[in-house]
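S.K.: Need coordinates for the below:
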Amino acid sequence: MQLATYKKDHYELDNGEEINREYPDSFWIPEKEAREAIEPGDIVKLIFRMEEKNGSDEVSVERMWVEVTNKQRDFYIGTLDNDPSGSECVKCGQTVYFQSCHVIAIFEEDST
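M.R.: Alright, predicted model coming up:
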């Protein structure tokens, strides 16, 4: 199982932990324990860094929701829940491999 790479897949995922370390006062992420406790059926937000079109030098960065479908060791497998607005390189329904360090939000249903 391998993470997407910009060179091979035309997109990659930003590491939310690194961004949080760099901007702790303005870039919040869920606690590590919560990110590591994600299970199939959960919906998480990831940051995608994508070519606008295959072979393009233009980059589109979007935060998108992914539904978790499986977990294997340190990797999660999910399905992208929407199409990006600025890229043709990923599509809704596409399989995405990621790790807890990539998770920047966990969807929680409003219980009110």
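S.K.: May I ask which helix or strand encompasses the residue nearest to residue 86 when sequence neighbours are not counted?
M.R.: Distances taken as CB to CB, 6 or more residues apart in numbering place residue 60 nearest to residue 86, at 3.3 Å, with adjacent residues excluded. Where C-beta positions appear, they are placed from N, C-alpha and C, glycine not excepted. Assigned by DSSP states H and E, residue 60 belongs to strand 59-72.
S.K.: Next SSE downstream of that strand?
M.R.: Next in sequence after strand 59-72, counting helices and strands by DSSP H and E, comes strand 75-80.
S.K.: Relative to residue 44, how far out is the residue nearest to residue 86?
M.R.: To residue 44, residue 60 is 20 Å away according to CB to CB, to the nearest Å.
S.K.: between these two, which one's more packed in?
M.R.: More crowded of residue 60 and residue 44, by other CB atoms under 10 Å: residue 44, with 25 against 19.
S.K.: any idea of the pLDDT on the more buried one?
M.R.: On the pLDDT scale, residue 44 is placed at 98.
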